[in-house]
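**Student:** After the sequence you'll find the predicted model.
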Amino acid sequence: MISTRALSSFDDMMIQGIKSGLVGRSDAIDQVITLEALSEIEENKMVILTISSYKFRLMVLIYFKQCEETIAHFARMNGRETKDMTQQEFIDAICESGNMCCGTLNRELGRIYPHLGMSTPNIIDKECSDYLSLLGVNHTHHFKLELNQNFTFYVSLAISDFDDIDFDPPVLSESESTGELEMF
């Protein structure tokens, strides 16, 4: 069972991850709200990443559709012109943003749980989210992020618990690295 304060902490970490991975430097966040259900989400694809420990499996689902608005957002985040972004560059950009988002959660959870594993991003159809219950998901929270008064992202956090989970919320840090790779 996941305690109320742990659920709140997971949600706070997810919002921090959304802000660090899916928001560009020049973007203005209008609001981040929680949704009760996925019925509002029209996007047809999602990037899925997982973080696993001995006590839980956490899944981050970032919904998207490959349209001009989405491509423009990721092109802008990567300092590219929309017209110059290829299909593969778009996929790489959205997957890297998913890595950054999930990396923030991984870093913060690593302060509490020392043995964590994080997956690489996978792109699957949105309909696959209908089967989360088969994975033993005990908690699902959906977030809607509105940017620049004209662009919306949807992200879900799904958690399967294998043991009791209760922890004090970690002090979230915005100034630390979000897990990008360095070349030596």
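**Tutor:** Sure, I can see it.
**Student:** Below-threshold pLDDT in this structure: ranges please.
**Tutor:** 170-184 (pLDDT under 70).
**Student:** All the strands of it, residue numbers only.
**Tutor:** Per DSSP state E, the chain carries strands over the ranges 29-35, 45-52, 56-64, 117-118, 122-125, 139-147, 151-161.
**Student:** neighbouring strands for the shortest one, and are they parallel or not?
**Tutor:** If you go by DSSP bridges, strand 117-118 pairs up with strand 45-52 (antiparallel).
**Student:** which non-adjacent residue is nearest residue 167?
**Tutor:** Spatial nearest neighbour of residue 167, excluding adjacent residues (C-beta to C-beta, 6 or more residues apart in numbering): residue 112 at 5.0 Å. For the C-beta atoms, the positions are set from N, CA and C on the backbone; glycine is no exception.
**Student:** and the one you found, how many neighbours?
**Tutor:** If you count neighbours by other C-beta atoms under 10 Å, residue 112 ends up with 16.
**Student:** can you check residue 88 too?
**Tutor:** Neighbours around residue 88, by other C-beta under 10 Å: 8.
**Student:** distance of it from residue 95?
**Tutor:** For residue 88, the distance to residue 95 (C-beta to C-beta, to the nearest Å) stands at 10 Å.
**Student:** Could you do residue 85 as well?
**Tutor:** From residue 85 across to residue 95, the span is 14 Å (C-beta to C-beta).
**Student:** quick one on the thing from earlier: list phi and psi for the residue nearest to residue 167.
**Tutor:** The phi/psi pair for residue 112 (degrees, to the nearest 10) reads phi -110, psi -40.
**Student:** List every C-alpha atom in the longest helix seen in the chain, with coordinates, as CSV.
**Tutor:** Using DSSP state H, we find that the single longest helix of the chain is helix 87-110. Extracted C-alpha coordinates of helix 87-110, given in CSV (Å, rounded to 0.1, in the frame of the first residue of the first chain):
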residue,chain,number,x,y,z
GLN,A,87,10.9,12.1,-38.5
GLN,A,88,13.8,10.5,-36.6
GLU,A,89,15.0,13.7,-35.1
PHE,A,90,11.5,14.3,-33.8
ILE,A,91,11.3,10.8,-32.3
ASP,A,92,14.8,11.3,-30.7
ALA,A,93,13.7,14.7,-29.3
ILE,A,94,10.5,13.5,-27.7
CYS,A,95,12.3,10.4,-26.3
GLU,A,96,15.1,12.5,-24.8
SER,A,97,12.6,14.8,-23.2
GLY,A,98,11.0,11.7,-21.7
ASN,A,99,14.4,10.7,-20.4
MET,A,100,14.9,14.1,-18.8
CYS,A,101,11.4,14.0,-17.3
CYS,A,102,11.8,10.5,-15.9
GLY,A,103,15.4,11.2,-14.9
THR,A,104,14.2,13.9,-12.5
LEU,A,105,12.0,11.3,-10.8
ASN,A,106,14.8,8.8,-10.8
ARG,A,107,17.2,11.3,-9.2
GLU,A,108,14.8,12.3,-6.5
LEU,A,109,13.6,8.8,-5.7
GLY,A,110,17.3,7.7,-5.5
